[in-house]
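*Asks:* Sequence and predicted model, in that order:
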Amino acid sequence: MIRSSIKIRAKIKNGITTVKALISHPMETGLRKDRKTGQPIPAKFISNVKCVSNEKVLLNSQWGVAVAKNPYVSFKYTGGSIGDIIKVSWLDNTNQSDSIEAKVK
């Protein structure tokens, strides 16, 4: 089994669902140089993060080079239920991607 680059938690309390996700990603800007070779480190950053539940898009964000390494995202929404499936996915500028699903607790 391949380990996901995303860790996710979704909990509901008083009718408000809180989703928290931590993404392991280098988020390189393309402006830094390798200390040993002096060559530029190629840009590699997440360009899109999407969160879906029950076929409804909860979050669709466009990111760029200004987001830090291993980004954390958290948001809240109403209308969720215990047992709903939350899917978080990302796509980067090199067309690599990952996604994960979790149940709302």
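*Replies:* Happy to help now that I have it. The structure displayed is predicted, hence computed values, not measured ones.
*Asks:* switch to C-alpha atoms for all contacts and neighbour counts from now on
*Replies:* OK.
*Asks:* where's Ser89, which helix or strand?
*Replies:* Secondary structure from DSSP states H and E places Ser89 in strand 85-92.
*Asks:* Just checking: what are the partner strands of that strand?
*Replies:* Partners of strand 85-92 in the sheet, by DSSP bridges, are strand 46-53 (antiparallel), strand 97-103 (antiparallel).
*Asks:* With respect to Thr37, which of these lies nearest?
*Replies:* Each of the strands paired with strand 85-92 was scored for nearness to Thr37 using CA to CA, and the closest is strand 46-53 (25.2 Å).
*Asks:* Tell me the helix or strand right after the closest one.
*Replies:* Following strand 46-53 in sequence order, the next helix or strand is strand 56-62 (DSSP H and E).
*Asks:* chain center to that next one, what's the gap?
*Replies:* Computed by CA atoms, centre = their mean, to the nearest Å, the chain-centroid distance of strand 56-62 equals 11 Å.
*Asks:* Note down every partner strand of that strand and its orientation.
*Replies:* Per DSSP bridges, strand 56-62 is paired in its sheet with strand 46-53 (antiparallel).
*Asks:* what residues does the partner strand touch?
*Replies:* By CA atoms under 8 Å, 6 or more residues apart in numbering, the residues outside strand 46-53 that reach it are 25, 27, 57-65, 84-93.
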